[in-house]
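> What follows is a predicted structure for the sequence shown.
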Amino acid sequence: MNVLIFTLGMISFCAVVVFSFAYRRSQGNTRMKNQGFMNISMGTLFLSLAGLEYATLTFKSPLGYILLALIALIGLVCFYYGYKRVQLSRQKS
């Protein structure tokens, strides 16, 4: 399970880098679509990071669970706004 989450995180990291470069080189509606895909990839990266940390959590501190929840929440927000941006760019084209 940890290997699967780690692999998802690495693929998400590569996608963030690729869409970041594509975002900087594009203009107009394509730029907005690339930014949306970059946000979706970043949200997936944060969620996989939170999942990996939860799977390998060795201490049972409430602060650790709060930080994991915060990381997962940041991932969900990035994923949501990336999805909304991609939908908006599809409506404009």
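Here it is on my side, so go on.
> where are the low-confidence patches of this protein?
Under the criterion pLDDT under 70, the flagged ranges of the chain are 93.
> let's go with 80 and repeat that
Residues of the chain meeting the criterion pLDDT under 80: 1-2, 57-60, 92-93.
> residue ranges for the helices of it, please.
2-25, 29-55, 62-92 (DSSP state H).
> Deepest in the core, which of these is it.
Counting by mean count of other C-beta atoms under 10 Å, helix 29-55 has the highest mean neighbour count of the helices of the chain, with a mean of 20. Where C-beta positions appear, they are placed from N, C-alpha and C, glycine not excepted.
> And that helix, how far out from the chain middle?
Chain-centre distance of helix 29-55: 1 Å, with C-alpha atoms, centre = their mean, to the nearest Å.
> Tell me what angle that helix forms with helix 2-25.
160 degrees (axes from the mean of the first three to the mean of the last three C-alpha atoms, to 10 degrees).
> Tell me the helices and strands packed up against helix 29-55.
In terms of contacts (3 or more C-beta pairs under 8 Å, 6 or more residues apart in numbering; DSSP states H and E), helix 29-55 is packed against helix 2-25, helix 62-92.
> Please tabulate these in a markdown table and include distance to residue 50 as additional columns.
Below are those laid out as a markdown table (distance: least, C-beta to C-beta, whole Å):
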| stretch | distance to residue 50 |
| --- | --- |
| helix 2-25 | 9 |
| helix 62-92 | 4 |
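> Of these, which is nearest residue 39?
Among those, helix 62-92 comes nearest to residue 39, with 2.9 Å by C-beta to C-beta.
> so what does the closest one touch, helix or strand wise?
Other elements packing on helix 62-92 under the criterion 3+ C-beta pairs under 8 Å, 6+ apart are helix 29-55.
> mind listing what residue 12 touches?
Applying C-beta atoms under 8 Å, 6 or more residues apart in numbering, we find residue 12 in contact with 41-42, 44-45, 48.
> Name the nearest residue to it, ignoring sequence neighbours.
Among residues not flanking residue 12 along the chain, residue 45 sits closest, at 3.9 Å (C-beta to C-beta, 6 or more residues apart in numbering).
> do the same with residue 72
The nearest residue in space to residue 72 (C-beta to C-beta, 6+ apart) is residue 50, at 4.1 Å.
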